[in-house]
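>>> Dropping the sequence and predicted coords here.
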Amino acid sequence: MDNSKFLKIGIIILLFINISSLAFIWMHKPPHAMPPPPSQEIGDFLMHELNFTEAQRTQFVYMRDEHRSSVRDLRDESQYLRDKFFDLLDAIPPDTVKIYQLADSLTSVQKQIELSTFYHFQKVRTICSPGQQKKFDEVIKEGLRMLTLQPPSRR
């Protein structure tokens, strides 16, 4: 067998092994590698877990819609700033001052989103009865994981 034929067979064998390895890894990845999409929204989850009355549901839906509207505006602003931020990639030389200004603005908007979400759930807690508040304190972290699609932490 000449050298080129031997190399071709070797490359084909290595290619087959690589493809087989990738297929095996893909088919046997652990179930916690990617969290499943939430089966329900956090609002539905909280209303169910806390067993809200109709009056509480009405209040909650109003608060949820108000929160979503304010966060939507902040997310739109964040997207606008992110676009401007990454538009700076093609600047030669890069405007370092502008890069840091936009990064600070993005951070500020994200902070506003987090604070808005915190105060929203703080308000939701106030419409709960004392028993519901205790349950709220137990389930809120699970609900927030649904919001961010994070897998539960292992302790």
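Yep, it's here. Numbers count the residues shown, from 1 in each chain.

>>> got the domain boundaries for the protein?
Following automatic domain parsing, one gets these domains for the chain: 1-34, 39-148.

>>> what's the most buried one of these?
Burial of the domains of the chain is given as mean neighbour count (mean count of other Cβ atoms under 10 Å); domain 39-148 ranks first at a mean of 14. Bear in mind the C-beta positions are built from the backbone N, C-alpha and C, glycine included.

>>> how far does it sit from the chain's center?
Domain 39-148 has its C-alpha centroid displaced from the chain centroid by 11 Å (Cα atoms, centre = their mean, to the nearest Å).

>>> Hmm, His120 is touching Tyr62, no?
No: with contacts defined as Cβ atoms under 8 Å, His120 does not count as touching Tyr62, sitting 11.6 Å away.

>>> Return the distance of stretch 4-14 from the chain's centre.
Relative to its parent chain, stretch 4-14 has a centroid offset of 45 Å by Cα atoms, centre = their mean.

>>> ok, and Lys8, which helix or strand is that part of?
Assignment of secondary structure by DSSP states H and E places Lys8 within helix 3-27.

>>> so after that helix, what's the next helix or strand?
Per DSSP H and E, helix 3-27 leads on to helix 42-50 as the next helix or strand towards the C-terminus.
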